[in-house]
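In: the sequence and its predicted three-dimensional model are supplied below.
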Amino acid sequence: MDRVPAGAMTEGVSAGWRLGWQPADLVRHAVRAHGRRAGRMMTDAIAAEMRAHAAATVDERWLGQLTTLGAEAWWKRDDTYLAEWADRHGTDHDTAVRCALQVVALLRSLPRLERLCPPPGEARRPVPGDHAGRRADGRIPDRIRALLAKAESTEFPEEAEALTARAQHLMARHSIDQALLPTRAGPPGDGPLGRRLPIDAPYESPKAALLGTVADANRCRAVWTRSLGFSTVLGFPSDVDAVELLFTSLLVQATSALVHEGGRGRRSRTRAFRRSFLVSYAVRVGERLAEATGTAERQAAAETPGTGLLPVLAARDQAVDDAMKAMFPKLTGRRIAAATDREGWLSGQAAADRADLGTRPAIR
């Protein structure tokens, strides 16, 4: 009885790979459906399945997710896995069996997703030197992370605004540098890729809208799959990195601003106020990001005459649009929930004006 659920979970994970699911997707899906215990058991099922694949046949993005999840086969024997799992998590054997059956049932009901990268066994690891001369200054992403970390931790709204604005400016310049690398180095650069980012409750609609505005400002596109709790961001690798980083930071800043507003009175703690706050925040942040990106592009065009910057950027935009149409041929639009609370709207707009986008000079 202990062997059967363990084997069924491993087989279910293999089927999940063929349906387009990735490690982080499966664990997030298990947590959403049955809680953290199911997420931990799903992580173990992934670790068990990955033992069948040589590292050279696993995509780097896949390996990165496995490392983040901590997916390792820690148990001694597969036929005693459930008993060992129960001991490890301080519970009884019946609970372990029940959790395993939940995971098996979840794996057998997975819908098909868009394939974002080769599954284990089909990937080809890059040959050293394949990307030589095609990467921009590696210190720039670290500087962006540092700016956004400061923006999230500061208690002064004006400083957070300046830091975030400066970060977006650096992101736009980094994207431009990456766009120009193929023209300078000769061989073509990497094409667009996709990455799934979680959109968690509550207030999923305005959060998805915020991600969409961040993606648009950084030459990416975001497609929200509401039923599964994530958005797929499509774009060139460095731009997708920038979107994930900035979206995460802006969510932290928005949450902090909402907590601050919640201490001002009973009305600011209502659901209508908070939804209106986040919708307004997403709209205003989008305007500011677009302005910062436009400024960076005009500055770069003036500083690099003769590089054909604008046609290069237009070509990248077209490549992203083509990738989105190919991956989501039946894509449909959906309106986000309307803002119904005027005070919440104005408060969200003010918070967005204070949000640090990383484009302005630091305040002395």
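Out: Done, it's in.
In: elements contacting the helix or strand that Thr43 is a member of?
Out: Assigned by DSSP states H and E, Thr43 belongs to helix 36-50. Applying 3 or more CB pairs under 8 Å, 6 or more residues apart in numbering; DSSP states H and E, one finds that helix 36-50 contacts helix 3-18, helix 23-34, helix 60-69, helix 81-88, helix 93-107. All C-beta atoms are positioned from the backbone trio N, CA, C, and that covers glycine.
In: closest to Ser231 out of those helices?
Out: Among these, helix 23-34 comes nearest to Ser231, with 12.3 Å by CB to CB.
In: what about the nearest residue in space to Glu204 that is not next to it in sequence, neighbour count?
Out: Nearest non-adjacent residue to Glu204, counting by CB to CB, 6 or more residues apart in numbering: Arg226, 6.6 Å away. Per other CB atoms under 10 Å, the neighbour tally for Arg226 reads 12.
In: check Leu101 too.
Out: Neighbours around Leu101, by other CB under 10 Å: 14.
In: so what's the residue nearest to it when sequence neighbours are not counted up against?
Out: Counting by CB to CB, 6+ apart, the nearest residue to Leu101 once its immediate chain neighbours are dropped is Pro5, at 6.3 Å. Pro5 makes contact with 82, 97, 100-101, 104 under the criterion CB atoms under 8 Å, 6 or more residues apart in numbering.
In: try 10 Å
Out: 41, 45, 81-82, 96-101, 103-104 (CB atoms under 10 Å, 6 or more residues apart in numbering).
In: could you pick out the buried ones from those residues?
Out: Listed as buried from the contacts of Pro5 are 41, 45, 81-82, 96-100, 103-104; burial here means 16 or more other CB atoms under 10 Å.
In: thinking again about what came up before, and the helix holding Thr43 with helix 3-18, angle?
Out: Orientation note: helix 36-50 sits at an angle of 80 degrees relative to helix 3-18 (axes from the mean of the first three to the mean of the last three CA atoms, to 10 degrees).
In: show me where pLDDT drops low in the stretch 201-350 of the chain?
Out: 262-269, 306-307, 334-339 (pLDDT under 70).
In: and the helices in the stretch 201-350 of the chain?
Out: 204-217, 237-262, 271-303, 309-327, 342-354 (DSSP state H, counting those that start in this stretch).
In: so which of those helices is nearest Asp142?
Out: helix 237-262 (10.9 Å).
In: tell me the buried residues in the closest one?
Out: 237-247, 249-251, 253-254, 256-258, 261.
In: Cys117 reaches Asp25, doesn't it?
Out: No: Cys117 is beyond contact range of Asp25, at 11.7 Å (criterion: CB atoms under 10 Å).
In: report the contact partners of Ala257.
Out: The neighbours of Ala257, taking CB under 10 Å, 6+ apart as the test, are 157, 160, 277-278, 281, 347-348, 350-352, 354-355.
In: turn the residues you listed into JSON lines, including neighbour count and distance to Gly12.
Out: As requested, those are arranged in JSON lines below (neighbours: other CB atoms under 10 Å; distance: CB to CB, whole Å):
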{"residue": "Pro157", "neighbour count": "19", "distance to Gly12": "48"}
{"residue": "Ala160", "neighbour count": "25", "distance to Gly12": "44"}
{"residue": "Phe277", "neighbour count": "29", "distance to Gly12": "41"}
{"residue": "Leu278", "neighbour count": "29", "distance to Gly12": "36"}
{"residue": "Tyr281", "neighbour count": "31", "distance to Gly12": "39"}
{"residue": "Ser347", "neighbour count": "23", "distance to Gly12": "46"}
{"residue": "Gly348", "neighbour count": "30", "distance to Gly12": "42"}
{"residue": "Ala350", "neighbour count": "17", "distance to Gly12": "48"}
{"residue": "Ala351", "neighbour count": "25", "distance to Gly12": "43"}
{"residue": "Ala352", "neighbour count": "27", "distance to Gly12": "43"}
{"residue": "Arg354", "neighbour count": "17", "distance to Gly12": "47"}
{"residue": "Ala355", "neighbour count": "27", "distance to Gly12": "42"}
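In: and the residues you listed, which is closest to Ala296?
Out: Using CB to CB, Ala355 is the member of the contacts of Ala257 that sits closest to Ala296, with 17.5 Å.
In: go ahead and confirm the closest one touches Arg284.
Out: Yes: counting by CB under 10 Å, Ala355 does reach Arg284; the two are 8.4 Å apart.
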